[in-house]
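Chemist: Using only what follows, build the 3D model:
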Amino acid sequence: QVQLVESGGGLVQAGGSLRLSCAASRSIFRVNSMGWYRQAPGKQRELVADITSGGSANYSDSVKGRFTISRDNAKNTVYLQMDSLKPEDRAVYYCNAHGRPNPYSSYDYIYWGQGTQVTVSS
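Modeler: Got it, this is the predicted structure:
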């Protein structure tokens with residue numbers, strides 16, 4: 001069962017913008033923090049930004065001031081607005097969520113989306 005569904009990747013010119021969305025399945029009882037990671041060819045997966053259920057956001061230094069993470073708790077959806085894109089932002093972007101699968105769980109599970117490609121041409 002797919003529990004995180006991403007959308008919004010694509011090809012954009014340098015300086016352009018894209019918006020990624022990720023919706024968590026209702027099969028996750030409680031979604032806590034949500035975020036975005038990315039993995040460029042030949043590199044390790046890295047955190048881009050994450051956000052708590054209370055709205056506190058955290059960004060990697062490489063995207064501060066250019067990317068904005070937000071979420072709609074009612075829809076269990078997280079967004080990543082990416083502005084002033086650079087060729088080095090090219091990567092597969094993965095949605096991530098920490099949450100409880102049922103009301104009896106005592107710890108968070110970690111969920112991953114399938115990934116969406118972002119390509120920035122120079």
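Chemist: all helices of the protein, in order?
Modeler: With DSSP state H as the definition, the chain shows no helices.
Chemist: Would you agree residue 26 is in contact with residue 76?
Modeler: Yes: using C-beta atoms under 8 Å, residue 26 is in contact with residue 76, at 7.4 Å. (Glycine included, C-beta is placed from N, CA and C.)
Chemist: May I see the buried residues of stretch 88-106?
Modeler: If you call a residue buried by 16 or more other C-beta atoms under 10 Å, then stretch 88-106 has these buried ones: 89, 90, 91, 92, 93, 94, 95, 96, 97, 98, 99, 100.
Chemist: who are the neighbours in contact with the third one?
Modeler: By that I understand residue 91. 38, 39, 40, 43, 118 (C-beta atoms under 8 Å, 6 or more residues apart in numbering).
Chemist: Make a PyMOL selection of whichever of those turn out to be buried.
Modeler: Buried members of the contacts of residue 91, identified by 16+ other C-beta under 10 Å, are gathered into one PyMOL selection as follows:
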select buried, resi 38+118
